[in-house]
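here's a sequence, model it:
(one chain, ligands or ions: 1)
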Amino acid sequence: MKLLKHLATAAAVSSLVLGANVAQADSKEPIVIPTHNWTSQITMAYVIGGIFESIGDNVSYVPADSQAVYESIRNGDVTIGHEVWQSTFGKSFNNALDAGGIIDVGTHASATQEEWWYPAYVGDLCPGLPSWEALNECSDLFATAGSGGQGRYLDGPMDWHGQETLDRIEALDMDFTAKFAGSSGALWAELESAAKDNRAVVVFNWSPNFTDAGDGGSFVEFPAYSDGCKKSDGGDGMCGSPPAGWLKKAAYYQMPAKWPTAYKIYNNISFTKGDIGNMASLVDVDGMSHEAAATKWLADNEATWKSWL
Ligand code: TMO
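This is a model prediction of the structure:
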């Protein structure tokens, strides 16, 4: 009887405490943040890691495949996915959502575009651009040694698009071949080499990116995207990618229970087009390391990120 009363009191006290909303402290286990193969994502990993460390949490970084990572988040091997680009990763992310174990933590302020892209001077070489039909009529300008007389499109690394580009070229019956770049750096090296010779070039690119500033360039305009138009989604493949795609944040479903304060902050985090372009530019234009770029971004934007705490 006395024990029961005691228990009842303890329960009353603990419900009082819960009612007062005293938050559970974050786990000291590291929050695992993935790094992929493009600049803003890696810099942003260190920016977000720095924000979590500012509240006393621990973080670790793990290089991860940009498609397989959603399965790793679902399993808890990786805690967050902070740049889920609609066109390139939407399918892997949605598959993980359907399977369970991953949370959609909302979108960044920035919209995204991922598409075939050419530098501004190429518009003078092929005046019908940005239409894809005009590009196709100029295909011989884009031929390289080894492209068999067809135009050559330099796609991103294979883990980004798989067969999608080849499907599109075939569906639209284009006079182009695709080559996969070994890294995003190979895309920028090709742009630089082509510009030196005033040579026509078309590569995969995206926005926000460092190329939003500078000499400029444009995305090729393909037939409009609609849900399901890609071949891999069951469509005919005769379409471009979304002109204003979303950029989402993903998290392991146990993050809110295990790191409640970090999760609340993560929920508030929202980067703009300017923020993300800057994270890329500090590395790809200014030549900083990703870590140094993140440190600089945090120092220059304290008012922004402290408002998320
Ligand atoms: C996912 N990416 C930004 C490389 O298109």
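
spatially nearest residue to residue 100, not counting backbone neighbours?
Closest residue in space to residue 100, ignoring its immediate chain neighbours: residue 74 at 7.1 Å, by CB to CB, 6 or more residues apart in numbering. C-beta here means a position set from N, CA and C on the backbone, and glycine is covered the same way.

I should have written residue 160 there, sorry.
residue 88 (5.2 Å).

in the strand or helix carrying the one you found, what's buried?
Per DSSP states H and E: residue 88 is located in helix 86-99. Within helix 86-99, the residues scored as buried using 16 or more other CB atoms under 10 Å are 86-93, 96.

please name the residues that touch the nearest residue to residue 135 once chain neighbours are set aside.
Closest residue to residue 135 apart from its sequence neighbours, by CB to CB, 6+ apart: residue 220 at 5.6 Å. By CB atoms under 8 Å, 6 or more residues apart in numbering, the residues touching residue 220 are 115-118, 129-132, 135, 202, 240.

mind listing the helices for the stretch 1-150 of the chain?
Listed in chain order, the helices found in the stretch 1-150 of the chain under DSSP state H, counting those that start in this stretch are 2-19, 39-54, 69-75, 86-99, 122-125, 132-137.

would a markdown table of these with mean pLDDT and distance to residue 157 be doable?
As requested, these are exported to a markdown table (pLDDT from 0 to 100; distance: least, CB to CB, whole Å):
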| stretch | mean pLDDT | distance to residue 157 |
| --- | --- | --- |
| helix 2-19 | 45 | 48 |
| helix 39-54 | 98 | 13 |
| helix 69-75 | 98 | 14 |
| helix 86-99 | 97 | 11 |
| helix 122-125 | 98 | 23 |
| helix 132-137 | 98 | 22 |
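
quick one: closest of those to the ligand.
helix 86-99 (4.3 Å; CB to the nearest ligand atom).

run the contact check for the helix holding residue 88 versus the ligand.
Yes - judged by CB under 6 Å from any ligand atom, helix 86-99 comes into contact with the ligand through residue 88.

helix, strand or coil for residue 236?
coil (DSSP: H, G, I helix; E, B strand; the rest coil).

gap between the closest residue to it other than its chain neighbours and residue 67?
The spatially closest residue to residue 236, leaving aside those adjacent along the chain, is residue 171, at 5.9 Å (CB to CB, 6+ apart). Taking CB to CB, to the nearest Å as the measure, residue 171 and residue 67 are separated by 22 Å.

kindly report the same for residue 130.
For residue 130, the distance to residue 67 - CB to CB - is 28 Å.

same question for residue 277.
24 Å.

who does the helix holding residue 88 touch, helix- and strand-wise?
The helices and strands touching helix 86-99, judged by 3 or more CB pairs under 8 Å, 6 or more residues apart in numbering; DSSP states H and E, are helix 69-75, strand 80-85, strand 102-107, strand 113-119, strand 247-252.

ok so, going back, wait, isn't the residue nearest to residue 160 in contact with residue 113?
No - at 11.1 Å, residue 88 does not count as touching residue 113 under the criterion of CB atoms under 8 Å.

once you drop chain neighbours, what's closest to residue 103?
In space, residue 103 is closest to residue 251, 4.7 Å off (CB to CB, 6+ apart).

for that neighbour, give me its contacts.
So residue 251 contacts 73, 79-81, 102-103, 105, 263, 266 (CB under 8 Å, 6+ apart).

also residue 283?
39, 42-43, 289-290, 293.

tell me the SS of it?
Residue 283 ends up helix, using three-state DSSP.

could I get the pLDDT score of it?
Note for residue 283: predicted pLDDT of 98.

among the helices and strands packed on helix 86-99, which is the most enclosed?
strand 80-85 (a mean of 25; mean count of other CB atoms under 10 Å).
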